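>>> A structural model of the following input is requested.
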Amino acid sequence: MGLDRASKLPSGQSLGRRLSSDLGYHTDRAFTVADREEWTMNRRVAATVAGLLFAGFVAAERYCKPDREVGWFAARGVQPHRSYVSRDFAVGQTYTRGEIRQALGGDLSSYLPHRAGRVVCGCFRPDLNPDAPDVILPGRGPEIERWARVFATQHAFIPCFVKAETNAWEYVGRFCVRRVISDAAELRARARAASRPPGGLSMVLYLRGE
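Numbering: from 1, shown residues only. The predicted structure is shown next:
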């Protein structure tokens, strides 16, 4: 067919009409250097504004708090993503152990539910831990003591709940262990204050909030 490369390119006048249309006006005059610079600047501004709007949308989605009504997980039948941690819980709101397990993993009965070798949350009974969540009183027994030590050494804030009533656990925030006490005199004093049997405590965990 033998078309010349130059024949495929628009003339200066037709290019001027096309780009002047992009700028929002119509003219038959030739497209000048000033017009080209204005067109280029408008495109750059539009791209920048679009980028800022997109970044703002992403940030809003990231920090927007999800629906936090009681039974959120069970009512919708969803399996939360593993990145869901305490941001799915509202301080002062109550949750069932099933909802807590579905969000974080672990079991339905222990005071320190764990998964893959790590404590994922704390579920404390006030009759056994009257100063929870600030002070936790682990009892005796291999598993009780083992997970208390894991919690004390993992140095991570975890979601904590205090039992409010039957199968209703109030979310009180994220806590980690700041100090472990195993002094016999303090264990006896803490056991007596909590109406626990003498010698029934293995240690005292002092927690701090995030």
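>>> Would you mind giving the domain segments of this protein?
Domains of the chain are assigned by automatic domain parsing as 9-63, 72-209.
>>> any idea of the mean pLDDT for the last one?
Taken as a whole, domain 72-209 has a mean pLDDT of 89.
>>> quick one on the thing from earlier: CSV for the domains of the chain, including mean neighbour count?
(C-beta placed from N, C-alpha, C; glycine too.) Formatted as CSV, the domains of the chain follow (neighbours: other Cβ atoms under 10 Å):
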stretch, mean neighbour count
domain 9-63, 11
domain 72-209, 16
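>>> Take stretch 179-189, keep the C-alpha atoms, and write them as CSV.
Output in CSV follows, covering the C-alpha atoms of stretch 179-189 (Å, rounded to 0.1, in the frame of the first residue of the first chain):
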residue,chain,number,x,y,z
ARG,A,179,5.0,-7.7,85.3
VAL,A,180,4.8,-11.3,86.6
ILE,A,181,4.9,-11.9,90.4
SER,A,182,5.5,-15.4,91.9
ASP,A,183,6.3,-14.2,95.5
ALA,A,184,4.6,-16.6,97.9
ALA,A,185,3.4,-13.9,100.3
GLU,A,186,1.8,-11.9,97.5
LEU,A,187,0.2,-15.0,96.0
ARG,A,188,-1.4,-15.8,99.4
ALA,A,189,-2.6,-12.2,99.8
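>>> Return the set of residues that bridge with the nearest residue to Ala156 once chain neighbours are set aside.
The spatial neighbour of Ala156 that comes closest, neighbours along the chain excluded (Cβ to Cβ, 6 or more residues apart in numbering), is Cys176 at 6.0 Å. On the basis of DSSP bridges, Cys176 is bridged to Arg208.
>>> correct me, but Cys176 touches Pro159?
No: using Cβ atoms under 8 Å, Cys176 makes no contact with Pro159, being 11.1 Å away.
>>> Now the closest residue to Lys163 other than its chain neighbours: phi and psi?
Among residues not flanking Lys163 along the chain, Arg125 sits closest, at 4.9 Å (Cβ to Cβ, 6+ apart). Note on Arg125: its backbone torsions stand at phi -90, psi 130 [degrees, to the nearest 10].
>>> all numbers from here: first residue = 56
Understood, numbering begins at 56; the last thing we discussed is Arg180.
>>> Quick check: Arg180 touching Ser165?
No: using Cβ under 8 Å, Arg180 makes no contact with Ser165, being 11.4 Å away.
>>> Am I right that Glu92 falls within a strand?
No: Glu92: not assigned to a strand; according to DSSP: H, G, I helix; E, B strand; the rest coil it is helix.
>>> ok, it to Ala101 distance?
15 Å (Cβ to Cβ, to the nearest Å).
>>> what do you get for Gly254?
Gly254 is 74 Å from Ala101, by Cβ to Cβ.
>>> just Ile191 next, same as before
Computed with Cβ to Cβ, the distance linking Ile191 and Ala101 is 57 Å.
>>> Glu200 against Pro193, yeah?
Yes: using Cβ under 8 Å, Glu200 is in contact with Pro193, at 6.3 Å.
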